[in-house]
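Asker: any chance you can model this:
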Amino acid sequence: MERHPERRRRRRRTVGLITDCVYGVLVLAGRHSLNYYYYYRERLASPSTTTTITITTTITPVHQRPVAVSVNAVRPSVRAADATMPERRPFVRLPADVFPVNYGLCLKPDLKNFTFEGKLEAAVEVTQATNQIVMNCADIDIITASFVPEGGEGEEINATGFNYQNEDEKVTLSFPSTLQKGATDARRAFPCWDEPAIKATFDIMLVVPKDRVALSNMNVVDRKPHAQDADLVEVKFATTAIMSTYLVAFVIGEYDFVEAQSSDGVLVRVYTPVGKAEQGNFALEVATKTLPFYKDYFNVPYPLPKIDLIAIADFAAGAMENWGLVTYRETALLIDPRNSCSSSRQWVALVVGHELAHQWFGNLVTMEWWTHLWLNEGFASWIEYLCVDHCFPEYDIWTHKGASVIRMLHDYIGDEDFRKGMNAYLLKFQHKNASTEDLWDCLEQASGKPIAAVMSSWTQQMGFPIIVVDQEQQGDDRIIKLSQKKFCASGPHTAKECPSWMVPVSICSSDDPTCARHKVLLDGTDATITLSNVRPDQWVKSRAGMINTVEVLRLMEAFVNEPNYTVWSDLSCNLGVLSSLLSHTDFHEEIQEFIRDLFTPIGLQLGWDSSTGEGHLEALLRGLVLGKLGKAGHKATLDEARRRFKEHVEGRVVLSADLRSPVYLTVLKHGDSTTLDTMLKLHKQADMQEERNRIERVLGAISAPDLIQKVLVFALSDTVSVIGGVAEGSKQGRKAAWKFVKDNWEELHNRYQGGFLISRLIKLSVDGFATDKMAAEVKNFFESHHAPAAERTVQQCCENILLNAAWLKRDADHIHQYLLQRRTPRPLSETAPPPV
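Answerer: Numbers count the residues shown, from 1 in each chain. Okay, here's the model as predicted:
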């Protein structure tokens, strides 16, 4: 689900309404429109009667214009241990005395005034009597509540009071008498048992304008005119499978779609904004390939008759795996055949693969509680790479990092036994809930290996180990000595008690680098392995250790002729971190020279334009290399980027999608006010969200202080990523972005509080600082400006700033000396990839 902030923008002819029951919460609208959370907690009676509760609500619209609505999954945050943070009452789970069996929901939205009418009839099992119903609610007014005994026998009883506890987002409904024993029906507007382990089926009906598309988790079984209003229709959906409330979704709006049927008979549709159906074809291809792949891999069929994938304009998360109706931000689903770059195609393929994996691992079998969420996400993050590698082997994507712990587990078990264990797990717990330990048990039974013991060493303690490998030759035998110690970013672990992990280790030699010659489970602090018949001239993978930054730079130089994109991507990422760190020194230009020298040969080899038959990876590599050279100030690259940008703006030669990001970045990094104005004009004119995001990501590269302020003012009405881009762009930008966040904290916090965007804003704004003084300043600011949803992020950022400071103190002088010593005349240092 992840991953970037979303911007507020009205879409022409794409007015929509989306609602979602999320973490026992029914979420109506998103961050930029309405944001109402309906929780509830029930205590009705013991089993034997039926009670009907009716609640009617009216919502005052936050915005006076209709907007597309987004869904955010709301989950309990984990509070970091920090005595300086304000105390909060502990989170309390729902009592286990009431269980829903079925929800019958009818919703009638008013898209002009953005209000709704609705009621929900819920059949529940009750085990304990009470005269109160405690509900969680925020920003809603409950007008009436009542209940009647089962079968209509007995008098209807109206609630006599509503006591709102705003701090806890709760309301208590009081009744004049105790609800009688029995199974009950509850009618209300969007309440639900908001815990993943409390599952039920859902019967959903939407009353919507007849010219709007209405979607929900299941297929439409009836559509008929509304009895009282000829402009409305009643759309009824099939009963859902038993599922958790956070997976319920419905969408009302104007959309086009493309459709196909997968080879295993599932109807797949991709819904797009009106007029953009063509942009759904790539995601449709991915989805129709992915469903049969997962069916074969898990040996469990997709359990619903259809699946819809829909692009939402104002969607804060990357995507949400609602069962049968997966919601995506536009840039995670739509691909323009002419204007989308290769990296966007890869991103869409990964996100679609990730969310469809959740249809089995998360939806069919659901975590018992949110503490097991890491497994849901970790598994989907791992298998999305396996899926995309199957669908698009030319992407060579399996060389990219997946979810490391799950990948380690898969390699340790072996693919065949891993699939057997997954199949047993899904069949045993389908339509139920499971814990992390349940999965370990199934994998252990399938493989005969101590999976629970191995994995608990990774999931029940913090951190991870460094494996140190030493070797010596004794005749024709190679003696391998393995030892482990806890990795600490601040330096060697010095505590008396050192934790250890159970680490599967594979050893291979030059005889066959692709095959493990020996496998061992390192289950203590050290182990010794003897490899027979290994000559002194044969290498054995691998050596590991802790080295200083200068040794890393020397290693990087050895890759100067490397052709592989994945290697260069990793080099680029690490050099970006180092460049940001060295912006705090007076030798930042020296690291830019290092970058220019390292990337120039591969830039010469690639050139500016693609050649016939060139593949996906070459396109990714060209954009990466040119962007790195341009940002580092490589003169000829800058000149060529300016020439191509001018032709693009004038409409003479349109930049290819793969070149736009590096060209935009280069001209902005070294641009003036005219360049910035031109870029903002392109942003305003862009019809594709991908193009707008592409520009937003590079705006922060501008260098002049007055222009940095202009970008920040633009960011206040736009996205978190623009502020982050300013902070990452330069030392001056970092200071300006932090001051901007402090000066505008009240508005920013009000806009983003309660979700992941506030955490992202804080991290992007302060993570690049590198002095003890700044760590203290950030800590003090958030002690007086509380951000409950980002407590852990603040703590992590303060720790990271201190680590940056320690890194500079430890290695800065050595880095400077190395960069000075390597300065020799280099004939390629100012040679750009030639224009073609």
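Asker: which residue ranges form the helices in the stretch 351-500 of the chain?
Answerer: Per DSSP state H, counting those that start in this stretch, the stretch 351-500 of the chain carries helices over the ranges 373-391, 404-413, 415-429, 436-447, 451-459.
Asker: how about the host helix or strand of T600: buried residues?
Answerer: In this structure, T600 sits in helix 588-606 according to DSSP states H and E. Residues of helix 588-606 classed as buried by neighbour count (16 or more other C-beta atoms under 10 Å): 590-600, 602-603, 606. Just so you know, the C-beta spots here come from the backbone N, C-alpha and C atoms, and that holds for glycine as well.
Asker: report the longest helix in the protein, please.
Answerer: In the chain, taking DSSP state H as the definition, the longest helix is helix 791-821.
Asker: what mean pLDDT does that one get?
Answerer: The average of the pLDDT scores along helix 791-821 is 92.
Asker: what do you get for stretch 763-770?
Answerer: Averaged over stretch 763-770, pLDDT sits at 93.
Asker: what is the end-to-end distance of that stretch?
Answerer: Start-to-end span of stretch 763-770 (C-alpha to C-alpha, to the nearest Å) is 14 Å.
Asker: quick one: that stretch to chain centroid distance?
Answerer: From the chain centre to the centre of stretch 763-770 is a distance of 20 Å (C-alpha atoms, centre = their mean, to the nearest Å).
Asker: which residues does it contact?
Answerer: Contacts with stretch 763-770, where a contact means C-beta atoms under 8 Å, 6 or more residues apart in numbering, come from 580-581, 583-584, 720-721, 723-724, 727-728, 734, 737-738, 741, 774-775, 778, 793, 796-797, 800-801, 804-805, 807-808.
Asker: backbone dihedrals for A527, please?
Answerer: phi -160, psi 150 (degrees, to the nearest 10).
Asker: low-confidence ranges, the stretch 201-350 of the chain, go.
Answerer: Along the stretch 201-350 of the chain, the parts satisfying pLDDT under 70 run over 314, 316.
Asker: now do the helices in it.
Answerer: Counting by DSSP H, counting those that start in this stretch, the helices of the stretch 201-350 of the chain are 281-298, 342-358.
Asker: now do the last one and helix 281-298, the angle between them.
Answerer: Between the axes of helix 342-358 and helix 281-298, defined by axes from the mean of the first three to the mean of the last three C-alpha atoms, to 10 degrees, the angle is 40 degrees.
Asker: so which elements touch helix 342-358?
Answerer: Other helices and strands packing on helix 342-358, by 3 or more C-beta pairs under 8 Å, 6 or more residues apart in numbering; DSSP states H and E, are helix 281-298, strand 306-312, strand 319-320, strand 325-329, helix 373-391, helix 616-631, helix 657-669.
Asker: could you report the neighbour count for S610?
Answerer: 17 (other C-beta atoms under 10 Å).
Asker: returning to that earlier point: which of the helices of the stretch 201-350 of the chain sits most buried?
Answerer: Across these, averaging neighbours per residue (mean count of other C-beta atoms under 10 Å) puts helix 342-358 on top, at a mean of 23.
Asker: could you dump it to PDB, C-alpha only?
Answerer: What follows is helix 342-358 as a C-alpha-only set of coordinates in PDB (Å, rounded to 0.1, in the frame of the first residue of the first chain):
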ATOM      1  CA  SER A 342       9.800   2.600 -18.600                       C
ATOM      2  CA  SER A 343      10.100   3.000 -14.800                       C
ATOM      3  CA  SER A 344       6.300   3.800 -14.700                       C
ATOM      4  CA  ARG A 345       5.500   0.600 -16.500                       C
ATOM      5  CA  GLN A 346       7.600  -1.300 -14.000                       C
ATOM      6  CA  TRP A 347       6.000   0.500 -11.100                       C
ATOM      7  CA  VAL A 348       2.500  -0.300 -12.300                       C
ATOM      8  CA  ALA A 349       3.300  -4.000 -12.800                       C
ATOM      9  CA  LEU A 350       4.700  -4.200  -9.300                       C
ATOM     10  CA  VAL A 351       1.800  -2.400  -7.600                       C
ATOM     11  CA  VAL A 352      -0.800  -4.500  -9.500                       C
ATOM     12  CA  GLY A 353       1.100  -7.700  -8.600                       C
ATOM     13  CA  HIS A 354       1.300  -6.600  -5.000                       C
ATOM     14  CA  GLU A 355      -2.400  -5.800  -4.500                       C
ATOM     15  CA  LEU A 356      -3.600  -8.900  -6.300                       C
ATOM     16  CA  ALA A 357      -1.300 -11.100  -4.100                       C
ATOM     17  CA  HIS A 358      -3.400  -9.700  -1.200                       C
END
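Asker: distance between it and the chain's centre?
Answerer: Centroid separation between helix 342-358 and its chain, computed with C-alpha atoms, centre = their mean, is 11 Å.
Asker: same thing with stretch 514-526?
Answerer: With C-alpha atoms, centre = their mean, you get 33 Å for stretch 514-526.
Asker: now that stretch: buried residues?
Answerer: Result for stretch 514-526 [16+ other C-beta under 10 Å]: buried residues 517, 520, 522-523.
Asker: dump the residue contacts of C498.
Answerer: 485-486, 525.
Asker: how much space between it and Q461?
Answerer: 11 Å (C-beta to C-beta, to the nearest Å).
Asker: what touches both of the two?
Answerer: Shared contacts of C498 and Q461 (C-beta under 8 Å, 6+ apart): none.
Asker: where does pLDDT dip in the stretch 451-600 of the chain?
Answerer: Low-confidence segments of the stretch 451-600 of the chain (pLDDT under 70): 489-495, 513, 536-547.
Asker: among the contacts of C498, which are in strands?
Answerer: 485-486 (DSSP state E).
Asker: any idea which of the contacts of C498 is closest to N281?
Answerer: K486 (48.9 Å; C-beta to C-beta).
Asker: now for the closest one, how many residues are close by?
Answerer: 18.
Asker: same deal with A636?
Answerer: So A636, with other C-beta under 10 Å, has 16 neighbours.
Asker: helices and strands around whatever helix or strand it lives in, which ones?
Answerer: Element membership of A636, judged by DSSP H and E, is helix 635-649. Packing partners of helix 635-649 (3+ C-beta pairs under 8 Å, 6+ apart): helix 616-631, helix 657-669.
Asker: tilt between the last one and helix 616-631?
Answerer: What that stands for is helix 657-669. Going by the same axes, to 10 degrees, helix 657-669 makes 10 degrees with helix 616-631.
Asker: what helices or strands is helix 657-669 leaning on?
Answerer: helix 342-358, helix 616-631, helix 635-649, helix 673-685, helix 689-698.
Asker: give me the contacts around stretch 278-294.
Answerer: With C-beta under 8 Å, 6+ apart, stretch 278-294 has contacts from 256-264, 266, 268-272, 302, 307, 309, 311, 333-337, 345, 348-349, 352-353, 356-357, 359-360, 387-388, 390-391.
Asker: got it, and stretch 576-589?
Answerer: Counting by C-beta under 8 Å, 6+ apart, 549, 591-592, 595, 728, 730-731, 734, 768, 770-771, 804, 807-808, 812, 815-816, 819-820 sit against stretch 576-589.
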